[in-house]
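Trainee: Pasted the sequence and its predicted model underneath.
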Amino acid sequence: QFVESDDDEELLFNIPFTGSVKLKGVIVMGEDDGTHPAELRLFRNIPHMSFDDTAKEPEQTFSLSRDPLGELEYPTKIARFSNVYHLSMHFPKNFGAESTKIFYIGLKGEWTEAHRHEVTICNYEASANPADHKLEQITP
C-alpha cells in the first residue's frame, strides 16, 4: 500500500495531533526509483494547510535520499518543533518521475497531553467593599 500523487510530483500531508508533540525525527520510505520524494518541507501549527500555503517559508527543509527500507532518519531542529499540535509535510519534488509514491512516514518524538486553557472570567475590586467582608470579632 502506498500514497501516490495525482497530476504532478507534489504531495501534501496534514497531520493533526491530539496533544502537544516534540518532534525529533522523520523517516520517509519510497521506491528505489524516480518516484521516491527528493525533498521534504516541514510546517508546524498551520491547520488546514493547502498547496497555496506552501509558498510560505518552512520551519525546516530536508534533501531526501532514496530509502526503500526506511533506514534513514532525518533529525529535526527540536527547538522549532517542541510544541507541535499540527504538522504539515510538503513533498515538492521527486527524483524525476511524473508522480511521487510514499510507502511509509515515521515520526519520532514525545507526546504530551494538550493543555487547552479555557477563557477565564474574573471580577476584580478596585477597593474592598466593607459590606462584603464582615468579621465577627469586629461586628458581632
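Mentor: Everything's here; your move.

Trainee: show me what contacts the residue nearest to the spatial centre of the chain?
Mentor: Nearest residue to the geometric centre of the chain (C-alpha atoms, centre = their mean): L87, 2.1 Å. Residues near L87 by C-beta atoms under 8 Å, 6 or more residues apart in numbering: N14, I15, F17, V21, L23, L42, F43, R44, L107. Heads up, the C-betas are built off the backbone N, CA and C, glycines and all.

Trainee: Please work out which residues outside stretch 114-133 touch it.
Mentor: Contacts with stretch 114-133, where a contact means C-beta under 8 Å, 6+ apart, come from T18, G19, S20, Y85.

Trainee: Just give the number of residues close to the closest residue to M49 other than its chain neighbours.
Mentor: Nearest residue to M49, sequence neighbours excluded (C-beta to C-beta, 6 or more residues apart in numbering): S88, at 4.2 Å. Using other C-beta atoms under 10 Å, the number of residues around S88 comes to 24.

Trainee: Pairing partners for whichever strand or helix holds S88, with directions?
Mentor: In the assignment (DSSP states H and E), S88 maps to strand 84-91. Strand 84-91 sits in its sheet next to strand 11-29 (antiparallel), strand 39-44 (antiparallel), going by DSSP bridges.

Trainee: Any buried residues in the first one, and which?
Mentor: The neighbour-count check on strand 11-29 (16 or more other C-beta atoms under 10 Å) flags L11, L12, V21, L23, K24, V26, V28, M29 as buried.

Trainee: Mean confidence (pLDDT) on that strand, please.
Mentor: For strand 11-29, mean pLDDT rounds to 95.
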